[in-house]
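Student: pasting the structure only:
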């Protein structure tokens with residue numbers, strides 16, 4: 001029922017209670033006039049009933065009206081009670097709600113029934129929901145990106161890179177990287193490929209070897225002898241590198257491995273390499289260069305993000321959609337995940353409500369206290385005014401009966 005319907009209902013019952021008073025007044029006047037010309041005994045009883053009924057009606061009208069306003073507009077003490085006591089009413093109402101509705105024993109049963117994982121899973125599984133969520137997230141991130149100052153972000157990146165690289169020992173990083181490659185035996189592929197490339201180069205360039213041999217040979221040695229020597233050299237070298245390529249345990253491989261390991265250890269332990277890499281780092285990361293790198297990095301990241309967020313079929317949005325579908329399915333089927341999420345929600349809600357119960361009381365108190373006194377009185381009267389009109393009706397009838405009883409006792413016993 002809206003406020004207008006409540007007002008109509010209140011007027012109806014006010015008219016009923018007032019009409020009953022007017023009826024009693026009319027009966028009182030009529031019986032008073034009739035008694036002057038008609039000595040009938042029963043007129044006294046009717047007159048006594050109507051007279052007492054009027055008094056009861058007026059008394060209860062005054063009591064009911066005094067709750068909401070000054071009767072007849074007269075500033076009589078202890079009237080217009082709601083408007084004058086609104087702050088106290090708000091405080092008491094807030095305390096009542098907190099004590100009786102937000103106590104641990106009252107809220108615990110409702111908190112324990114909370115189960116939002118299935119609801120969230122169902123909601124996230126809907127295509128429309130995903131579109132709304134991704135669109136809103138995209139708008140928020142785009143708004144943040146547009147408001148960010150590019151210069152400030154670039155300077156922030158540059159500062160953080162400087163802070164991080166100051167503590168990084170590049171020689172140890174490189175040395176550990178080499179050790180990792182050795183542990184994985186990945187360097188053997190490099191040795192194999194190099195051996196293969198050298199072998200093929202020797203085979204493909206045998207003429208160059210012959211020319212080299214002839215240039216270094218004596219003039220009295222026949223050319224066929226030089227060619228024979230060149231063939232032997234080329235054949236020996238190609239066979240040697242073929243052996244390295246095909247034999248995983250070749251001694252050259254072991255020697256190379258040892259040399260690389262020694263170099264890695266040297267990088268990590270020899271102070272000269274620390275100084276060398278600091279020099280290299282300082283050369284690469286000068287302030288002007290670092291600012292330029294940072295600016296280029298940020299511009300690239302920002303441009304890519306904005307493009308991905310604005311494109312409806314971007315890789316980022318497709319990736320988000322895929323993960324939302326997977327998360328939705330997990331929420332609907334994975335009981336362990338459901339229990340963890342629901343338990344977290346229950347505990348968090350329970351702690352938050354108990355921690356902030358005083359805030360609910362303060363909210364009610366301040367809301368009621370900030371209402372205009374007349375507005376509060378009108379709200380209260382709309383809610384309970386109908387029932388209070390029956391107090392007027394009951395006062396009229398009960399007052400009449402009491403008056404009748406008193407009149408009867410007076411006639412028969414006094």
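Tutor: Right, received. Where do you want to start? These numbers come from a predicted model, not from an experiment. Numbering: from 1, shown residues only.
Student: Low-confidence ranges, the stretch 251-400 of the chain, go.
Tutor: 277-278, 280-289, 368-377, 380 (pLDDT under 70).
Student: how about the strands in it?
Tutor: Taking DSSP state E, counting those that start in this stretch, the stretch 251-400 of the chain contains no strands at all.
Student: Would you map the helices across it?
Tutor: Counting by DSSP state H, counting those that start in this stretch, one finds helices in the stretch 251-400 of the chain at the ranges 251-269, 271-284, 287-310, 315-333, 335-355, 357-370, 373-413.
Student: Adding mean neighbour count and distance to residue 24, write those helices out as JSON lines.
Tutor: No exception for glycine: its C-beta is placed from N, CA and C like everyone else's. Converted to JSON lines, the helices of the stretch 251-400 of the chain look like this (neighbours: other Cβ atoms under 10 Å; distance: least, Cβ to Cβ, whole Å):
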{"stretch": "helix 251-269", "mean neighbour count": "14", "distance to residue 24": "110"}
{"stretch": "helix 271-284", "mean neighbour count": "13", "distance to residue 24": "104"}
{"stretch": "helix 287-310", "mean neighbour count": "14", "distance to residue 24": "78"}
{"stretch": "helix 315-333", "mean neighbour count": "14", "distance to residue 24": "70"}
{"stretch": "helix 335-355", "mean neighbour count": "13", "distance to residue 24": "54"}
{"stretch": "helix 357-370", "mean neighbour count": "16", "distance to residue 24": "38"}
{"stretch": "helix 373-413", "mean neighbour count": "16", "distance to residue 24": "6"}
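Student: any idea how far the closest residue to residue 169 other than its chain neighbours is from residue 143?
Tutor: Counting by Cβ to Cβ, 6 or more residues apart in numbering, residue 169 lies nearest to residue 274, which is 6.4 Å off, once chain neighbours are set aside. Residue 274 is 46 Å from residue 143, where distance means Cβ to Cβ, to the nearest Å.
Student: Roughly how far does the residue lying closest to residue 107 once chain neighbours are set aside sit from residue 115?
Tutor: Distance criterion Cβ to Cβ, 6+ apart; nearest residue to residue 107, sequence neighbours excluded, is residue 353 at 5.9 Å. Per Cβ to Cβ, residue 353 is found 17 Å from residue 115.
Student: what bits of the stretch 51-200 of the chain have low per-residue confidence?
Tutor: 78, 80-87, 89, 163-168, 170.
Student: which residues in it form helices?
Tutor: Under DSSP H, counting those that start in this stretch, the stretch 51-200 of the chain gives helices at 81-84, 86-101, 104-112, 117-125, 127-147, 150-166, 170-184, 187-204.
Student: so can I have TSV of those showing distance to residue 19 and mean neighbour count?
Tutor: TSV is the format used below for these (distance: least, Cβ to Cβ, whole Å; neighbours: other Cβ atoms under 10 Å):
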stretch	distance to residue 19	mean neighbour count
helix 81-84	26	17
helix 86-101	32	16
helix 104-112	45	12
helix 117-125	54	16
helix 127-147	58	13
helix 150-166	77	14
helix 170-184	97	15
helix 187-204	107	15
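Student: Those helices: which one's closest to residue 405?
Tutor: helix 81-84 (31.6 Å; Cβ to Cβ).
Student: list the contacts for residue 206?
Tutor: 230-231, 234 (Cβ atoms under 8 Å, 6 or more residues apart in numbering).
Student: Next: residue 40.
Tutor: By Cβ under 8 Å, 6+ apart, the neighbours of residue 40 are residue 34.
Student: That one in helix, strand or coil?
Tutor: coil (DSSP: H, G, I helix; E, B strand; the rest coil).
Student: Can you give me the distance of it to residue 31?
Tutor: Residue 40 is 10 Å from residue 31, by Cβ to Cβ.
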